[in-house]
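Asker: I would like the atomic coordinates for the input below:
(one chain, ligands or ions: 1)
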Amino acid sequence: MAAPGKLSTYRLPPLPTLGEIIKLYRLRARKQLSQNFLLDLRLTDKIVRKAGNLKNAYVYEVGPGPGGITRSILNSEVAELLVVEKDTRFIPGLQMLSEAAPGKLRIVHGDVLTFNVEKAFPRSLRREWDADPPNIHIIGNLPFSVSTPLIIKWLENISRKDGPFIYGRTQMTLTFQKEVAERLTASTGSRQRSRLSIMAQYLCNVQNCFTIPGRAFLPKPEVDVGVIHFTPLVEPQISQPFKLVEKVVQNVFQFRRKYCYKGVGNLFPNTQRLERTKEMLMVADVDPTLRPGQLSILQFKSLCDAYRKMCDDDPALFTYNFRDELKQKKKMPTNLDD
Ligand code: SAM
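Answerer: Okay, here's the model as predicted:
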């Protein structure tokens with residue numbers, strides 16, 4: 001908790017540079033953990049500015065590493081910063097930052113994929129879902145292999161209003177591989193339109209803030225990096241359970257270049273495929289010859305609503321998975337030979 005009576009403009013005292021911290025604690029980036037560090041504090045300041053006004057805010061930073069973004073957050077007059085870092089080697093450097101900003105930095109050695117943030121911040125910060133977002137922000141530059149599963153997990157948390165969203169519409173500012181950042185924000189009809197575009201945009205206002213060239217990182221990754229800001233919507237654009245939306249969207253995008261009826265068809269067992277695909281598209285009023293990338297979120301909403309109705313009428317339908325049917329079929333000839 002922040003100590004009372006702080007100066008109104010807080011700056012960290014002079015500290016060793018990030019380069020010196022890396023040398024001091026021998027923090028060589030581990031390639032197998034996709035560690036790429038941002039050492040340019042102008043860039044880390046820019047990321048943190050995109051999160052909004054952090055004065056008196058409670059911030060949850062995921063994967064602080066040597067602490068570049070951490071320093072920028074601490075310089076933003078936050079009430080408290082909680083960091084969760086998996087790699088123990090970074091803890092002493094973070095402790096040095098904690099000593100430089102007494103009472104402000106809480107360090108957790110843990111995994112963001114399993115860390116329970118629901119009790120991490122005071123209850124008094126909670127806001128109604130339809131009120132303004134709470135003064136809690138998530139910020140992070142994680143490895144690409146973690147940021148994509150994590151955003152899917154957090155999108156599901158948004159749909160259930162739990163996890164970091166138990167406090168209300170907590171905003172997030174996160175980095176992604178540029179290609180993934182483009183998918184997250186892709187509009188109807190664009191080349192990058194994909195499963196991630198629909199899953200993120202039906203729940204959030206998603207903004208592509210800026211791109212950081214790969215050369216700004218140490219070591220330099222193969223790709224550029226996009227900074228994305230998410231604000232959960234008061235009303236999701238699709239009012240169906242996350243898993244149902246995910247299933248419809250995943251199936252539709254199964255065949256990106258084909259007409260959408262092909263992917264929709266995979267929602268149904270082979271024996272009923274033709275007529276039920278027709279029925280679902282008709283109820284949803286969606287043109288079967290549109291390609292998946294041409295479908296708007298409203299059209300996905302109609303598809304999900306139509307599929308929900310069909311699942312309510314036939315509860316076994318939701319558990320149907322065309323891959324299982326394919327596997328069964330592949331096994332058949334062998335069984336016959338036995
Ligand atoms: N934020 C720092 C920066 O911008 O320089 C470090 C970025 S580096 C790409 C990612 C950091 O996330 C590393 O410090 C890594 O150890 C940490 N990390 C990776 N997976 C994690 C996980 N599952 N939970 C917590 N931290 C993780």
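
Asker: what's near enough to touch Leu203?
Answerer: Going by Cβ atoms under 8 Å, 6 or more residues apart in numbering, Leu203 touches Leu155, Ile158, Ser159, Pro232, Leu233, Pro236, Gln237. Bear in mind the C-beta positions are built from the backbone N, C-alpha and C, glycine included.

Asker: ignore the last one, Asn208
Answerer: Asn208 touches Ala181, Glu182, Leu184, Thr185, Gly226, Val227, Ile228, counting by Cβ under 8 Å, 6+ apart.

Asker: thinking again about what came up before, wait, which of the contacts of Leu203 is closest to the ligand?
Answerer: Comparing the contacts of Leu203 against the ligand with Cβ to the nearest ligand atom places Leu155 closest, at 17.3 Å.

Asker: now do the contacts for that closest one.
Answerer: Leu155 neighbours (Cβ under 8 Å, 6+ apart): Met199, Ala200, Leu203, Cys204, Phe242.

Asker: any idea which element the nearest residue to Asp162 once chain neighbours are set aside lies in?
Answerer: Excluding its sequence neighbours, the residue lying closest to Asp162 (Cβ to Cβ, 6 or more residues apart in numbering) is Glu118, at 6.9 Å. Assigned by DSSP states H and E, Glu118 falls within no helix or strand.

Asker: how does this protein divide into domains?
Answerer: Segmentation of the chain into domains, based on the TED database, reads 18-232, 242-331.

Asker: among those domains, which is the most enclosed?
Answerer: Greatest average neighbour count among those goes to domain 18-232 (a mean of 18), per mean count of other Cβ atoms under 10 Å.

Asker: near the ligand at all, that domain?
Answerer: Yes - judged by Cβ under 6 Å from any ligand atom, domain 18-232 and the ligand are in contact via 33, 35-38, 62-66, 68-69, 84-87, 90, 111-113, 141-143, 146.

Asker: show the average pLDDT along that domain.
Answerer: Regarding domain 18-232, the rounded mean pLDDT is 95.

Asker: and it, end to end?
Answerer: 33 Å (Cα to Cα, to the nearest Å).

Asker: please apply the same query to stretch 246-262.
Answerer: Stretch 246-262: ends 17 Å apart by Cα to Cα.

Asker: list of residues touching that stretch?
Answerer: Stretch 246-262 is contacted by residues 194-195, 198-199, 263-264, 266-267, 277, 281, 286, 288-295, 300, 303-304, 307, 318, 322 when judged by Cβ under 8 Å, 6+ apart.
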